[in-house]
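>>> pasting the structure only:
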């Protein structure tokens, strides 16, 4: 039985909702396994916007993060960054994290750039 909260399938996040960004690579088997779990978490947490950023296909916005461990998650919004780091592909862990986020910290310019691109082209990074 899943520990994920139930949410309406049709719920759309607000345009100013924080982003949950998976920084990944297509060649990474763990990342490929994580994608359906991230989709499941996205359905359960409509108060967030979710994005899938392949660090090789989108090097212009992802290189600055120097991702060494896959998958790496970024949780950030206009109010700042709440999390940036690796997280094992476990839907319940991510769901619990989203329910207990720390206060935002000021975002770096790299985070601001990534979020600006996501705002302009969200369809390119759909989960």
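Everything's here; your move. Everything quoted here is computed from the prediction, not taken from an experiment. Residues are numbered from 1 along each chain as shown.

>>> What helix or strand is the residue nearest to residue 114 when sequence neighbours are not counted located in?
Nearest residue to residue 114, sequence neighbours excluded (CB to CB, 6 or more residues apart in numbering): residue 61, at 5.0 Å. Bear in mind the C-beta positions are built from the backbone N, C-alpha and C, glycine included. Using DSSP states H and E, residue 61 falls within helix 59-62.

>>> Past that helix, which element shows up next along the chain?
strand 72-77.

>>> Check the offset of that next one from the chain's centre.
Its chain's C-alpha centre and that of strand 72-77 lie 5 Å apart, by CA atoms, centre = their mean, to the nearest Å.

>>> mean confidence score for the helix ranked longest in the chain?
Counting by DSSP state H, the longest helix found in the chain is helix 29-44. Average pLDDT, helix 29-44: 93.

>>> Excluding chain neighbours, what is closest to residue 45?
Per CB to CB, 6+ apart, closest to residue 45 is residue 98, 5.2 Å.

>>> Next, the buried residues of the helix or strand that neighbour falls within.
Residue 98 belongs to helix 91-99 when assigned by DSSP H and E. Buried residues in helix 91-99, counted by 16 or more other CB atoms under 10 Å: 91, 94-95, 97-98.

>>> Can I get the residues you listed in TSV including pLDDT?
TSV is the format used below for the buried residues of helix 91-99 (pLDDT from 0 to 100):
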residue	pLDDT
91	91
94	94
95	94
97	93
98	95
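
>>> now these in TSV, with distance to residue 121?
Output for those, formatted as TSV (distance: CB to CB, whole Å):
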residue	distance to residue 121
91	26
94	24
95	27
97	26
98	23
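
>>> residues in contact with residue 17?
Shown in contact with residue 17 (CB atoms under 8 Å, 6 or more residues apart in numbering): 47-49, 77.

>>> could you redo the last one with a cut-off of 10 Å?
Contacts for residue 17 (CB atoms under 10 Å, 6 or more residues apart in numbering) come out as 45-50, 77-78.

>>> unless I'm mixing things up, residue 18 is touching residue 78, no?
Yes: the pair residue 18 / residue 78 is scored as a contact, 8.2 Å apart, by CB atoms under 10 Å.
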